[in-house]
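K.L.:
take this sequence and fold it.
(2 chains)
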Amino acid sequence: MAKAKLMDYDKALELFEPVLGFEVHVELSTETKMFSAAPNNFGSAPNTNITPTCLGLPGSLPVVNEQAVRYSISLGLALGCEIAPSSSFARKNYFYPDLAKNYQISQFDEPIAFEGSVDVELENGRTFQIAIERAHMEEDAGKLTHVGGSTGRIQGAEYSLVDYNRAGVPLVEIVTKMIEGAEADAPELAKAYVATIRDIVISLGISDAKMERGNLRCDANVSLRRRGSDKLGTRTETKNVNSLRSVERAVRYEIQRQAQILEDGGTIIQETRHWHEDTGATSAGRPKSDADDYRYFPEPDLLPVVPDPALIEELRAALPEKPAERRRRLKAEWGFTDLEFQDVVNSGLLNEITETVSAGASPQAARKWWTGEIARLQNAAAEDVSIDVTPAQVAELQQLVDEGTLTDRLARQVLESVVAGKGSPREVVESEGLAVVSDDGALIAAIDEALSAQPDVLEKIKDGKVQAAGAVIGAVMKAMAGKADAARVRELVLERAAAL
Amino acid sequence: MTDFIHSTAAELAQALESGAASSVEITQAHLDRIAAVEGDVNAFLHVNPEVSLTAAKASDARRQAGTAFGALDGVPVAIKDVLVTTDMPSTSGSKILEGWMSPYDATVVTKTREAGLIPLGKTNMDEFAMGSSTEHSAYGPTRNPWDLDRIPGGSGGGSAAAVAAYEAPFALGSDTGGSIRQPAHVTGTVGVKPTYGGVSRYGAIALASSLDQIGPCSRTVLDAALLHDVIKGHDRHDSTSLTDQWPSFAEAAKNRDVKGLKIGVVSQLDGEGFQPGVLARFHESLAMLEANGAEIVELSLPSLEHAVAAYYLILPAEASSNLAKFDSVRFGLRVTPEGGGTVEQVMSATREAGFGPEVKRRIILGTYALSAGYYDAYYGSAQKVRTLVQRDFADAFSKVDVIASPTAPTTAWKLGEKLDDPVAMWRGDVATIPANLAGIPGMSLPAGLADEDGLPVGIQFLAPAREDARLYNVGGALEALLHEKWGGNLLEKAPVLAGGAR
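P.N.:
The predicted model follows:
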């Protein structure tokens, strides 16, 4: 795909003011789907998590998932929204094969939450308040796989497969008001906004919030207003942005692309655009206009959602600390540098480290494990495989190091076995005999043997050339199969050499 | 007892209880009757003797073991094809679902199974319940047992005709604008549309979700009550089903006391536009009730003037969305254009070939009524009329206990007579539609034969929402008075069908 002609970013900002808007879809991690008792699981064999309702079979009916309503209320509250005393569902009618009923049950004129705002922090310390227009409940569509074409898209495909496991998964769509004034920070603000939503839903425990799995999806609306004009430009809506970095890149790309078109005297077409991670460009999707007619009407199969005010207050009282406040508190408590803390935040490891620390490890040790060895193992693992280690196990591992049972190297070995499901760190140490040999007697016997095998080295040590001890230490470590504390071996080598 | 087919469900239940009959004998008798008269009537789309007799044998075994599911265990029932069943195809009268087997049972079907009722087969209907004559069935019309050249009403003409022709003691129907009551009216049978939400809609192939309700069809008020007692109640699969505890409708049907009962008569449903014979039987019935202590109160429901128009916007709007799922992707007919095609082209070709003209007419009408720019004028206005109708009824029921009217303006018309004038056919629903718009229960029971054509005429009673029991009370009372006058059931005056045993 040919990349469009792009204007230099700084020049684009000189000529135009970017205006943004976001629609973020959050998949809720409820046990069952939005309107049926089918399990809400990721990664099951195709078309196994389904009921007659998920398939839109004749005669089937939807029933609202109470847990999804609770999650949506919590999310609305965390976004500072008002919760509607009564909200209702509507049918959005359009034909598409991933939509079993050929209508989507969504909320139209009566969303469950509205009029909120979130504070978004930028790296330069600027805090930007983003106004939320509404957050509404709806159901996800099925997943289409287009087979036979070169692009994996519907155009040119020989046939398409539909997996309805995702059909009916509960979604909350969060819609912002128009965002002005971001200026050159617009791309970063886009990324930071989505990251903030992600942090909020994670802190609420209502979504797995994995962008790569589509748990969290962002549609970014971008338009440009020429400096000195008060007329808004035509917007595009970029979809398929599956990572925080993509959100930032896509917004930057659209600013540069639109600026060039406008400067060349062209017009922006109101349309959906697709972000391509590989080429770093967006391409035109289907034209979208306000004339799209979804023939919305009230869903006659469902009653309005009228939450008990006591429930709303109960959920409000149970709201966790705001993510931004929590981050400030944790950074201070842990004493991490800016860089260390940013690394942890970007890796989404705040919860893991918090739990590891409360299980007894020092913050630094917890950070080193999670951002170091565990991250390495995760990267080496196949996609979609979450490596299995708990904060409690990490804390236990660190305790074994702190008490001298394990060296760092041995601890890494133990971790691999823990991840492989061979038990807790202590169990692995036990079953695989990986503990440091702390019996001086055994070490001295090995040292004596090594010294006698290398009399020249012994002489050098006796002559005060202590660095020569390295050769003996190496031999001893080898004899101990690595299960010795090298520092202790060194001490003993020097002692024995002096004594011999 | 050997004349099983002319027995009521209540009588069959007694025979089973006393050991005078087995379910297999009763079921076989009905299957034989079906075999004998179906060539004339065409009430059934699907009959499977093996399924029926297997269920009958299991029922007899329960009786023998003393573990019968209830009083009706072993009594046969016919099921309108709008209800999905796992052991018989479910087509809703449409080619687009020809041969389709549902992987699940409708809740009302499950309830009949749990009561030990024996499924006899699936009854014919206008395609997707759109029609008042059963002529819009994709599988040919059902004929009225009173005159085989006339319509049996619709959309539930199959269930009503099956009951009138003694092919089944009672049947399940669905009523969106009169599809249970109007066929009862033209076939001399009883039909009840329960309070909206009184019976689960789960597994009823939706026509218009806010109007559809499942109910019983039978030859007596008591039998309707017995079947209503089986299917009533909350269903967690249907959010619109009420959680009420319902009284016994069978008990209500046996309570024939109408002293002091206030019966409202609606001026808009009495007089102009109604056949003289229909009005004559209606006023006779009222006079009988009055003579037995009921009080007749004149009422006006001005909003009814717009009810038919509003109904024919709300129904098509909901139907256009409900029928969108018939796209060939997951089930049912698939038509691929010559040389293949895109998914849109396959969907389009399938719907073009699979839907009949009345269905297409209503989908187009409903799609238009919901379109941006027209929504407020059509769907929006229709919903306002609906609110007015509800208000008028609320007002009326503050003055009376029940409302009475003729069930429909005319007796059964000739097959084909109104096919070219859909709006004329729609106008025939004037008396039944208001109950669906208001969500209130309604019953039609035979009031006699029209003098001018000798065809059956029904009288309709309406009650406030949740007061279905009142219908059985007043219906049971009137039925007893009329049976006394006629010397038996009105259906005994019906002509004998070829192969009939009477």
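K.L.:
now do the same contact list for residue 463.
P.N.:
Let's take chain A. Residue A:463 sits next to no residue when contact means Cβ atoms under 8 Å, 6 or more residues apart in numbering or on different chains. Just so you know, the C-beta spots here come from the backbone N, C-alpha and C atoms, and that holds for glycine as well.
K.L.:
oops, chain B please
P.N.:
Contacts of residue B:463 by Cβ under 8 Å, 6+ apart are B:397, B:401, B:402, B:403, B:440, B:441, B:442, B:470, B:471.
K.L.:
separation between it and chain A?
P.N.:
Distance, residue B:463 to chain A, by Cβ to the nearest Cβ, to the nearest Å: 23 Å.
K.L.:
can you check the pLDDT for that residue?
P.N.:
Residue B:463 carries a pLDDT value of 98.
K.L.:
quickly note the distance from it to residue B:244.
P.N.:
In this view, residue B:463 and residue B:244 are 14 Å apart by Cβ to Cβ, to the nearest Å.
K.L.:
tell me the spacing between the residue nearest the centre of chain A and residue B:133.
P.N.:
In chain A, the residue lying closest to the centroid (Cα atoms, centre = their mean) is residue A:210, at 4.2 Å. Remark: distance between residue A:210 and residue B:133 (Cβ to Cβ) = 57 Å.
K.L.:
so residue A:218 belongs to a strand, correct?
P.N.:
Yes - assessed with DSSP: H, G, I helix; E, B strand; the rest coil, residue A:218 lies in a strand.
K.L.:
around chain A, pick out the residues from the stretch 401-502 of chain B.
P.N.:
Contacts of the stretch 401-502 of chain B with chain A, taken as Cβ under 8 Å from any Cβ of the partner chain, are absent.
K.L.:
what about the closest residue to residue B:347 other than its chain neighbours, how many neighbours?
P.N.:
The shortest distance from residue B:347 to any non-neighbouring residue, by Cβ to Cβ, 6 or more residues apart in numbering or on different chains, is to residue B:327 (4.5 Å). Using other Cβ atoms under 10 Å in any protein chain shown, residue B:327 has 27 other residues around it.
K.L.:
wait, doesn't residue B:327 sit right on residue B:350?
P.N.:
Yes - contact criterion Cβ atoms under 8 Å: residue B:327 and residue B:350 qualify, at 6.7 Å.
K.L.:
which parts of chain A belong to which domain?
P.N.:
A:9-311, A:321-432, A:440-499 (automatic domain parsing).
K.L.:
most packed of those domains?
P.N.:
domain A:9-311 (a mean of 19; mean count of other Cβ atoms under 10 Å in any protein chain shown).
K.L.:
avg pLDDT for that domain?
P.N.:
Mean predicted lDDT for domain A:9-311 stands at 94.
K.L.:
in the stretch 1-150 of chain A, which residue sits closest to chain B?
P.N.:
residue A:102 (3.5 Å; Cβ to the nearest Cβ).
K.L.:
just list the residues touching that residue, thanks.
P.N.:
By Cβ under 8 Å, 6+ apart, the neighbours of residue A:102 are A:56, A:93, A:94, A:95, A:96, B:324, B:325, B:327.
K.L.:
which parts of chain B are strands?
P.N.:
B:44-47, B:76-80, B:118-123, B:170-175, B:190-193, B:213-218, B:262-266, B:295-299, B:402-406, B:442-449, B:456-462 (DSSP state E).
K.L.:
next one: the fifth one to chain centre, how far?
P.N.:
To tie it back to what came earlier, the one meant is strand B:190-193. Centroid separation between strand B:190-193 and its chain, computed with Cα atoms, centre = their mean, to the nearest Å, is 6 Å.
K.L.:
how about the residue in the stretch 351-500 of chain B positioned nearest to chain A, nearest residue that isn't a chain neighbour?
P.N.:
Going by Cβ to the nearest Cβ, chain A is nearest to residue B:370 of the stretch 351-500 of chain B, at 3.9 Å. Leaving aside its sequence neighbours, residue B:370 sits nearest to residue A:295 (Cβ to Cβ, 6+ apart; 3.9 Å).
K.L.:
re the thing from before, most tightly packed of the strands of chain B?
P.N.:
Ranked by mean neighbours (mean count of other Cβ under 10 Å), these are led by strand B:190-193, with a mean of 32.
K.L.:
packing partners for that strand?
P.N.:
strand B:170-175, helix B:181-187, strand B:213-218, helix B:221-231, strand B:442-449, helix B:468-486 (3 or more Cβ pairs under 8 Å, 6 or more residues apart in numbering or on different chains; DSSP states H and E).
K.L.:
may I see the buried residues of the longest one?
P.N.:
Going by neighbour count (16 or more other Cβ atoms under 10 Å in any protein chain shown), the buried part of helix B:468-486 is B:468-479, B:481-482.
K.L.:
tell me what angle that helix forms with strand B:262-266.
P.N.:
80 degrees (axes from the mean of the first three to the mean of the last three Cα atoms, to 10 degrees).
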